[in-house]
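Visitor: Predicted coordinates and the sequence they were generated for:
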Amino acid sequence: LDSRGCQVTFVESRRISRSTPPMPLEAVMPSQVGRQGNLPEWYNSRDLDDGSGLKSFDGLNDALDQLRAFLNDRDDESDEPFDVLMGHSQGAQLAAILTLMMESD
């Protein structure tokens, strides 16, 4: 994409999963070769203990705050707005939530 004049910016979560990955990290994320420990995650979903069937999303607000701060406070030379916001898995969910939140502001 860089050769076509597109600039790609990657943001990784600061949060590390407490779950043990089912396979070596490099099998799941080639960029993590040689890294020890668990996979990064944006948030962790868990069932509430009250029998309601509802879930809690621990870390979700922190993840949204991290991404909003990145979008609003970036120290980018171009200072141009982003044209596209994409994510994979939890990142895709956050991209959708963040887009809806920004539209409502």
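Guide: Done, it's in.
Visitor: Okay, and the residue nearest the centre of the chain sits in which element?
Guide: Note on the chain: the residue nearest the mean C-alpha position is residue 91, at 4.0 Å, using C-alpha atoms, centre = their mean. If you go by DSSP states H and E, residue 91 is part of helix 90-104.
Visitor: Buried ones in that helix, by neighbour count?
Guide: 90-91, 93-95, 98 (16 or more other C-beta atoms under 10 Å). Where C-beta positions appear, they are placed from N, C-alpha and C, glycine not excepted.
Visitor: For residue 63, state which of those is nearest.
Guide: Nearest to residue 63 among the buried residues of helix 90-104: residue 94, at 5.9 Å, using C-beta to C-beta.
Visitor: surely residue 17 meets residue 42?
Guide: No - in this structure, residue 17 is not within contact of residue 42 by C-beta atoms under 8 Å, at 9.9 Å.
Visitor: ok, these two, which is more surrounded?
Guide: residue 42 (24 against 15; other C-beta atoms under 10 Å).
Visitor: Could you find the closest non-adjacent residue to residue 48?
Guide: Spatial nearest neighbour of residue 48, excluding adjacent residues (C-beta to C-beta, 6 or more residues apart in numbering): residue 54 at 5.0 Å.
Visitor: can you check residue 60 too?
Guide: Excluding the flanking residues, the one nearest residue 60 by C-beta to C-beta, 6+ apart is residue 43, at 4.3 Å.
Visitor: Would you confirm that the one you found contacts residue 64?
Guide: No - using C-beta under 8 Å, residue 43 makes no contact with residue 64, being 9.1 Å away.
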